[in-house]
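[1] Provided below are the primary sequence and the corresponding predicted coordinates.
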Amino acid sequence: MLKTPRKLIIAIDGFSSSGKSTIAKDVAKNLHFKYLDTGAMYRAITYKILKHNIDLQDMQSIQNLLDKTSIDFKLVKGENHIFLDDVDIEDKIRELEVANNVSEVSTIQIVREFLVKLQQEIGKSGNIVMDGRDIGTVVFPNADVKFFVSASLKTRAKRRFEELKAKSNDKNLKIEEVEANLVKRDKIDSERKHSPLKVAEDAILIDTENMTKQEQLNFVLEKINEKIK
């Protein structure tokens, strides 16, 4: 466990399927910190909007939905699962339909305000690792240590394709479809008006292209130790 006189907030941002969640989980486990998957929170809202067939231009209906929404994280067989309105939806939010719509939902200002407030409330107690797209720039701009994770489009598509194949029975799933989804998400995430995906000025860059999981973890832990000394 990391010995530090204060409670830390570690922000890990990056593109979809860049490896940021894997790094964040491993770091949190190694340091015995809490872990918060903020991307899962946006997926949960997306899932609920789709489930209720709400038009993404209908702000009043979206606000009404948010007013009646609760999001929580619980350990299920040792794994962090997201609960929407007290229901475990961890598997449902990983489906391609949610992935195809989450970036667009993430551009909606009232959705971002709702989730950023919730993320700040969860993270304010410290000793937490948070991964997402705007943690180091918007949610916690004063985070103790910030990272930005990247990898090539081809590598990210392969990772996401293998993840979806492992969790889905869709035998018609094609890697080209997954890659197209990532291109679309990258564009929306980077160009959205509210809290766009960008590298914080003081973020430490990590290219996971040719790094093993252990190498990624070692690199991040080394940088965290350097920062707090």
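    Looks like it arrived, so ask away.
[2] Can you pull up the most central residue in this structure?
    residue 39 (2.9 Å; Cα atoms, centre = their mean).
[3] Could you report the pLDDT at the residue nearest to it when sequence neighbours are not counted?
    The shortest distance from residue 39 to any residue other than its chain neighbours is 5.6 Å, reached at residue 132 (Cβ to Cβ, 6 or more residues apart in numbering). All C-beta atoms are positioned from the backbone trio N, CA, C, and that covers glycine. Residue 132 carries a pLDDT value of 93.
[4] who touches residue 132 in this structure?
    Each residue near residue 132 by Cβ atoms under 8 Å, 6 or more residues apart in numbering is listed here: 12, 13, 37, 38, 39, 119, 139.
[5] Go again with 7 Å.
    Residue 132 is in contact with 13, 38, 39, counting by Cβ atoms under 7 Å, 6 or more residues apart in numbering.
[6] and these, which of them are in helices?
    Among those, the members found in helices (DSSP state H) are 38, 39.
[7] what stretches of the chain score poorly on pLDDT?
    Low-confidence segments of the chain (pLDDT under 70): 1-6, 169-170.
[8] Tell me which stretches of it form helices.
    Using DSSP H, helices in the chain cover 20-31, 38-51, 59-67, 96-106, 109-123, 153-167, 175-191, 213-228.
[9] Is the residue nearest to residue 39 bridged to anything, and to what?
    residue 13 (DSSP bridges).
[10] ok, now how distant is it from residue 143?
    11 Å (Cβ to Cβ, to the nearest Å).
[11] do the same with residue 76
    The value you get for residue 76 to residue 143, if Cβ to Cβ is used, is 28 Å.
[12] Neighbour count for those two, which is higher?
    Taking neighbours as other Cβ atoms under 10 Å, residue 76 and residue 143 compare with residue 143 leading, 24 against 12.
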